[in-house]
Structures are given as C-alpha cells and as structure tokens.
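Q: I would like to see how this sequence folds:
(chains A, B, C and D)
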There are 2 protein chains.
Amino acid sequence: MSKQPRVLVCDDEPQILRALRVILRDAGFEAVPASTGEEALDLTAVRPPGAAILDLMLPDMDGVEVTRRIREWSEVPILVLSAVGEEDRKVEALAAGADDYVTKPFGPRELVARLEAALRRAQPETGQSTISVEGLEIDLAARFVRRDSAEIHLTPTEFELLRVLVRNRGRLMTHRDLLVEVWGIEYEDDLQVLRAHVANLRRKIEPPGEHVFIRTDPGVGYRFAE
Amino acid sequence: MSKQPRVLVCDDEPQILRALRVILRDAGFEAVPASTGEEALDLTAVRPPGAAILDLMLPDMDGVEVTRRIREWSEVPILVLSAVGEEDRKVEALAAGADDYVTKPFGPRELVARLEAALRRAQPETGQSTISVEGLEIDLAARFVRRDSAEIHLTPTEFELLRVLVRNRGRLMTHRDLLVEVWGIEYEDDLQVLRAHVANLRRKIEPPGEHVFIRTDPGVGYRFAE
DNA sequence: CATCTTCTTGACACTTTCTTGACGCTGGGA
DNA sequence: TCCCAGCGTCAAGAAAGTGTCAAGAAGATG
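A: Down below sits the predicted model:
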C-alpha cells in the first residue's frame, strides 16, 4: 500500500457508489466513481487506476463486457460485484479476466480484504515492505518493528501512528491529519491524546533523549525523518 | 505446504479453468492450465507438477485415458472432476490410478480439502516440510507435531490453526485473518472461539506458563515466533 | 445406540492499553 | 525579565482485551 491507490468504482446505483466511496476512503484508497460502463472504460484509459471494482449490472453494458474490454490492454486488478443469483455471471467474469468477485450484500471488511489481496497479487513484491532507517527496521506487512536487532512491541495505536507517519515519511503531518487517520474524525481536536501517544512511541523507538525519527514541528504537527 | 505446489488443471471450459485458477491461487497453489488431454500430458512430462486436476470430459481424449497415460510413468496425485451422472466413469478413473474425484458442481473448500489430502498422502515423508524451533517439531504435510521427542496430539482445528500460524511465522496474523482462514468467513468476528483454541493449542505445545511460540499482540492478533 | 472426542459458549479474574489531568520545561514576545 | 502557549512526561483510573476453566452441544466412532 504505497501511497493511497486510486480505485475505479463503477455502479449505476448512487447509494452503492456512495457507500463504496466511504468504505474505500476509510481503508485508505481514493475512489474514482463511474456510473456507466462507457465512463469506466474512458476513465481507465485516460488515467489508469490501481484497481477497478465493477458491478455486473450496468445500464449500457454489463460488467463482464467491461472486464473483457479492459483486459484487451490492461492488467489492472478487477473486482466484480454480483448480486445473489448471478453465480453464472461471476464465472463468466472470471473467465473474462476478473481477479475476484464479491457477492452483494457485502461487508466493508470483506471488500477491502479482497481488494487488498488483489492488489498484493498484482504487484509481486515491489521490493520489501520493510523500511530501514538508521538501525530502525519497520515491516508494515508483518507488523513488526525492531531496533538494533531487538524486537520492539508496539500497541495497536502506536503501530497505527507509526504506520501513518512512515507511509508519509518526509512529509509534515498536521496534528489534525494524524488524529483523523489514526483515531477518526471525532478526535480531530484532541491534541493531548496525540502527544501522549507520540511520547510513548518515541520512548520505544528513539534513542534515549533524542528525537531523530519523529520530528516535531511546533504548532503544526509531526513528520517522520526520511 | 512447503512452497506453493504447482497444480496442473485440465478442462476444456475456459470458465471452469478460470474459476479453478482463482480457487487454487487463494488456497496457495499455482495453477498450470491446460485445455486438452494432449496438452496436459505434455506439460506433465516437461515439468512435472505437484498434482493434477483433470476433467473427465475433454475434447481429444477423456480424463480416464489421460490418467492411465500419466500413471504409466508418474505417481503424481490426480484428482478427477466429474459431472453428475458420470458415476461409472469415476470408478474407471479410480481404477486407472486417480487418487480422488470431485463431483461438479463443487465448493472451493471441498476441492481444496481433497487436493490437500491427496498431496498429503502422496508425500509420505519427504522430510523438508518439517519445521523445528526450540524443541518443537512440526511436520505440516504429515500432520505431525512433537516436542522434545514426545508426540503431541492435536485436534483438526488446532492443527489447522497451527498450520496457518506457522506458514506465516514472523508475521502478525489478525484475529480476523485466523478466523477466516481456519473457520471461514462466517466466523470472522468470533473472538472467543479463537481464544479458546489458542489456549488449548498453547497448553499442548508451549512450555508450562510461557508463551514462547505463539505470541499475543493484544487487540490485534497472534504471531508464531520466527 | 452408547461412548468418546472435539467444539463452542459463558463466566470471571487478570493484563494490557487508552485516556485524562497535573506539572515542569522551553523559547519567543512584551 | 516576566509571561505564556505549546510541548513532553508521568501516573492513575477507566476501558478494552485476554487466558482459563468447566459444562453442555455437536459430531464422530464403533
């Protein structure tokens, strides 16, 4: 998950489209909406997304057809949404080159899991997911952190905070950015909670008395060293 | 599952081929597709797969014939796919040397279970798939675990849990990952069941009062020590 | 059908993690 | 120099999560 992949979402029902947008955004993706097959094909051609989610039932052409057309020139991972009772179409879609299918109604987590799996398969290891900086080693996939070959245990919140900082390393993350990404929008003003967790995280990963990895930008936010 | 075994898949219907590929890939296998009996024989000869799945109905020769020809020189596990009403042919296929048959339509899990069972039977002791860590010895293929040279009996669920953990050792497996892989998607939120089985498994494989093999990450999941 | 194994579930004590308020420190502005 | 807003740290209580036991349900075996 390098940098918020764009995901094309094609469905003719506005509610579904909206729901998908929320789900994807929460999972760290950027949704590119389309409501017809034609639109989906155009968008894919103009600016290829990192993945596509297509409904089988579309007004102008069906998802299988869209899949086939995209596959004529692109290897982008494709997920197909099918209603119950469309099992045959699912198989067709797979045959046409879809990577996976999700049956409606679906849970957000299932969708995200399958999407991430498809993306993972599409990029057979873009190097490691591990990041090493000055004795600090972070493996985001394995959820593993060590310093000078000693394992460091992080709590869920600490790890999440570190993940957001590392994913945007070098870039300044405002207090609000961090609070919203790690705790959710309802914490956007809770500076104290952020400070406490940054302090705990630093105690675990920084050399004593120094702030080499997590830098403070007073009054603005934090950034992870490059 | 030592290292993603290659499975030859022979079927003349592209949809089935496609579906099988997805199913197998999800189960950790690499599918090698073939659409005719001739092709299947060639592929098996050129680069022998770890197992083969053959449809009984093929354009050039039938699955029984393919089975017979492969058996002339190879012991590779063979699964036969049969449509309902082909019972007689199933028996012929088994007589010709097939290891098992699956009746269409089949569920992914049934297929995978039978395939794994066939693979397990095929390699009585290639060694290799055994893992040893600090007095604990695990043979995933033989479904065998021992500690300090004493055999340990695990229930099916416990073994499955251990297998998933070991296959991903070092990486943190979330509660959801484990529940979905071992129990299926419908258990994805059943934390209590996971805890109970982890406790039982630990009682059997861990030194008393310690958690050296299976580590807990509170609020996230479990991981097997590297 | 009886028996044995395995799985699931609820209760409860225990542990870890999160949140909150207090407090001392620092650096820039008046 | 004094003031003060913002920061880092600490400790304690609240909240959330975990390990274990035991009993009943479900399933397999013979």
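
Q: what strand or helix carries the residue minimising distance to the centre of chain A?
A: The centre of chain A sits closest to A:G28, judged by CA atoms, centre = their mean, with a distance of 3.7 Å. A:G28 belongs to no helix or strand when elements are defined using DSSP states H and E.

Q: next one: the one 4 residues further on
A: If you go by DSSP H and E, A:V32 is part of strand A:30-34.

Q: who does that strand pair up with?
A: strand A:6-10 (parallel) (DSSP bridges).

Q: show me the contact partners of the partner strand.
A: Where contact means CB atoms under 8 Å, 6 or more residues apart in numbering or on different chains, the residues beyond strand A:6-10 that reach it are A:17, A:20-21, A:24, A:29-37, A:39-40, A:43-44, A:47, A:49-55, A:58, A:63, A:66, A:115. All C-beta atoms are positioned from the backbone trio N, CA, C, and that covers glycine.

Q: what would the helix or strand of chain A with the lowest mean pLDDT look like as PDB? C-alpha coordinates only.
A: Scoring the helices and strands of chain A by mean pLDDT, DSSP states H and E places helix A:87-96 at the bottom, with a mean of 73. The C-alpha trace of helix A:87-96 is given here as PDB (Å, rounded to 0.1, in the frame of the first residue of the first chain):
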ATOM      1  CA  GLU A  87     -23.300 -17.100 -10.000                       C
ATOM      2  CA  ASP A  88     -23.100 -17.900 -13.700                       C
ATOM      3  CA  ARG A  89     -22.100 -14.400 -14.500                       C
ATOM      4  CA  LYS A  90     -19.400 -14.500 -11.800                       C
ATOM      5  CA  VAL A  91     -17.800 -17.400 -13.600                       C
ATOM      6  CA  GLU A  92     -18.100 -15.500 -16.900                       C
ATOM      7  CA  ALA A  93     -16.400 -12.500 -15.300                       C
ATOM      8  CA  LEU A  94     -13.600 -14.600 -14.000                       C
ATOM      9  CA  ALA A  95     -13.200 -16.100 -17.400                       C
ATOM     10  CA  ALA A  96     -13.200 -12.700 -19.000                       C
END
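
Q: return the set of buried residues in that helix.
A: Neighbour-count burial for helix A:87-96, with 16 or more other CB atoms under 10 Å in any protein chain shown as criterion, is recorded at A:R89, A:K90, A:V91, A:E92, A:A93, A:L94, A:A95, A:A96.

Q: could I get the full set of strands for chain A?
A: Along chain A, counting by DSSP state E, strands occupy A:6-10, A:30-34, A:51-55, A:78-83, A:100-104, A:130-133, A:136-139, A:144-147, A:150-152, A:173-174, A:214-217, A:221-224.

Q: identify whichever of those lies nearest to DNA strand D.
A: Closest to DNA strand D of the strands of chain A is strand A:214-217 (CB to the nearest atom of the strand; 3.6 Å).

Q: what about that closest one and DNA strand C, touching?
A: No: interface with DNA strand C: strand A:214-217 contributes nothing (CB under 7 Å from any atom of the strand), its closest point being 11.1 Å away.

Q: partners of that strand, with directions?
A: In the sheet, strand A:214-217 lines up with strand A:221-224 (antiparallel) (DSSP bridges).

Q: tell me the mean pLDDT for the partner strand?
A: On average, the pLDDT along strand A:221-224 is 94.

Q: can you list contacts of that strand?
A: A:165-166, A:168-178, A:198, A:213-217.

Q: list the buried residues for that strand?
A: Result for strand A:221-224 [16+ other CB under 10 Å]: buried residues A:G221, A:Y222, A:R223, A:F224.
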